[in-house]
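S.K.: pasting the structure only:
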């Protein structure tokens, strides 16, 4: 597992690469899938694509159906893309920045921890105020704990 510093650097580097891609909705596949859309736009029949891929026409139709159903293999998509002089691009596009995702997770964990502390202190009539600087330090501690996603950070 990466150290907290390595993870932060990786988040920053990936955020710089991924944020300019914009929202994932920009890359939603056409209704009949990318293979069919590109094939049709090129004026290529299923038989034409099949010949270029070295498969049968029914195999191309099966590929197109599997793509729309979500059951196609990346290697098969790559072969189809190459046969149509395209490149297959495979990426995860975060819904927000990776940094924001980590901060949200850390805040959620800290909120649960503070609820338990508050409950314990209330039972002992020792309620106190949590200072913003303390919250910031605790968020950094949770983030650096290495247990941000395991659930162990909430204990």
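M.R.: Happy to help now that I have it. These numbers were taken from a predicted model, which means no experiment stands behind them.

S.K.: buried residues, the longest helix anywhere in the chain. List them.
M.R.: Longest helix of the chain, by residue count under DSSP state H: helix 98-123. Neighbour-count burial for helix 98-123, counted by 16 or more other CB atoms under 10 Å, picks out 98, 102, 106, 109-110. To be clear about C-beta, it is placed using only N, CA and C from the backbone, and glycine gets the same treatment.

S.K.: need the strands for the chain, in chain order.
M.R.: For the chain, strands defined by DSSP state E do not occur.

S.K.: what are the ranges of the helices in it?
M.R.: Ranges of helices in the chain, per DSSP H, are 4-18, 34-42, 46-53, 57-69, 74-83, 98-123, 132-144.

S.K.: quick one: low-confidence ranges for the chain?
M.R.: For the chain, the stretches with pLDDT under 70 are 117, 119-133, 151-155.

S.K.: how is it carved up into domains?
M.R.: For the chain, the structural domains run 1-22+95-155, 23-92, going by automatic domain parsing.

S.K.: dump the buried residues of helix 98-123 into TSV; add distance to residue 59 as well.
M.R.: As requested, the buried residues of helix 98-123 are exported to TSV (distance: CB to CB, whole Å):
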residue	distance to residue 59
98	38
102	43
106	48
109	49
110	53
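
S.K.: that's all I had, so thanks and see you.
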